[in-house]
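>>> return a 3D structure for these sequence lines:
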Amino acid sequence: MSLIRRSNVFDPFSLDLWDPFEGSPFGSSGGSLFPSFPRASSGSEVAAFAGARIDWRETPEAHVFKADVPGLKKEEVKVEVEDGNILQISGERNKEQEEKTDTWHRVERSSGKFLRRFRLPENAKTEQIRASMENGVLTVTVPKEEVKKHDVKSIQISG
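Residues are numbered from 1 along each chain as shown. Okay, here's the model as predicted:
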């Protein structure tokens, strides 16, 4: 997301899709003024689960992304690299089937699609990305290239 909600710090590497016109006459439904703007099939469908929480930390060896995706199987989550440096994490949680005989008293669990995109720094080794999922937490590890140390050469001053 463009703003990290927990600390309100600008995140220049995040590319979450946000429709500023959603809900307006010029919004996603129908004749949008911006047809090339990426959109989901239904704004409310995405909004229900779009807040998939993702932490991004950098270690000396790698960038590590951890996403909370409780209740999802690894087959329901996709991890992709677009354009060589855009990490995209997406998935979908389907609604539970309603039985005609059931009476629902409360529905709090969200369903729908989510999509998160992050621009990876230049030192990311995108060909060596690893992903694993355990206990509802997706971990994506993006190894980093070693930083080349610049050789410093002393120059004698004559005179």
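>>> isn't G136 right next to D68, touching?
Yes: G136 is within contact range of D68, at 6.6 Å (criterion: Cβ atoms under 8 Å). Heads up, the C-betas are built off the backbone N, CA and C, glycines and all.
>>> tell me where the protein has strands.
3-4, 9-10, 54-58, 62-68, 77-82, 86-93, 112-119, 130-134, 137-143 (DSSP state E).
>>> would TSV of those strands with mean pLDDT, mean neighbour count and distance to G159 be doable?
Converted to TSV, the strands of the chain look like this (pLDDT from 0 to 100; neighbours: other Cβ atoms under 10 Å; distance: least, Cβ to Cβ, whole Å):
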stretch	mean pLDDT	mean neighbour count	distance to G159
strand 3-4	34	13	55
strand 9-10	46	8	50
strand 54-58	94	15	46
strand 62-68	95	18	49
strand 77-82	94	14	56
strand 86-93	91	18	54
strand 112-119	90	20	50
strand 130-134	96	13	57
strand 137-143	97	18	49
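>>> including distance to K149, could those strands go into JSON lines?
Shown next, in JSON lines, are those (distance: least, Cβ to Cβ, whole Å):
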{"stretch": "strand 3-4", "distance to K149": "32"}
{"stretch": "strand 9-10", "distance to K149": "30"}
{"stretch": "strand 54-58", "distance to K149": "18"}
{"stretch": "strand 62-68", "distance to K149": "19"}
{"stretch": "strand 77-82", "distance to K149": "28"}
{"stretch": "strand 86-93", "distance to K149": "27"}
{"stretch": "strand 112-119", "distance to K149": "26"}
{"stretch": "strand 130-134", "distance to K149": "27"}
{"stretch": "strand 137-143", "distance to K149": "19"}
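>>> between those, which gets nearest to Q156?
For Q156, the closest of the strands of the chain is strand 54-58, at 39.8 Å, according to Cβ to Cβ.
>>> mind listing what the closest one pairs with, with the direction of each?
With DSSP bridges as the test, strand 54-58 is paired with strand 62-68 (antiparallel).
>>> okay, now V152: neighbour count?
Neighbourhood size, V152 [other Cβ atoms under 10 Å]: 5.
>>> was I right about G84 contacting T126?
Yes: shown here, G84 and T126 form a contact pair, counting by Cβ under 8 Å, at 6.5 Å.
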